[in-house]
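*Asks:* sequence below, structure please.
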Amino acid sequence: MIKLDIATLIFIYTFFSAIIILIVWIAGIYARGNNNRSRDADYTWKCSVCSNIYIDSTYEDLSKCPLCGSYNKR
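*Replies:* Predicted structure coming up:
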């Protein structure tokens with residue numbers, strides 16, 4: 001039988017709990033990161049006049065640049 005004191009048991013419990021939380025956290029970041037990239041690409045616009053990059057989430061064919069006021073096509 002392996003004899004362990006209470007300090008070692010607490011350390012082992014804390015260590016493995018931290019490893020599990022780290023794995024779940026990294027998996028969540030990886031899963032969320034892939035979805036945001038494709039969604040942001042649909043709303044990102046670049047103005048043809050002033051080259052300003054902006055976000056318009058209305059998802060229409062025309063968008064008005066907030067910097068210079070010109071209209072841009074999708």
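*Asks:* how far does stretch 7-18 sit from the chain's center?
*Replies:* Here the centre of stretch 7-18 is set off from its chain's centre by 31 Å, with C-alpha atoms, centre = their mean, to the nearest Å.
*Asks:* what does that stretch contact?
*Replies:* Contacts with stretch 7-18, where a contact means C-beta atoms under 8 Å, 6 or more residues apart in numbering, come from Leu4. C-beta coordinates here come from the backbone N, C-alpha and C atoms, glycine included.
*Asks:* got it, and stretch 64-74?
*Replies:* Contacts of stretch 64-74 from elsewhere in the structure, counted by C-beta under 8 Å, 6+ apart, are 45-50, 52, 54, 56, 60-63.
*Asks:* please pick the buried ones from these.
*Replies:* Among the contacts of stretch 64-74, the ones that count as buried by 16 or more other C-beta atoms under 10 Å are Trp45, Cys47, Asp56, Ser63.
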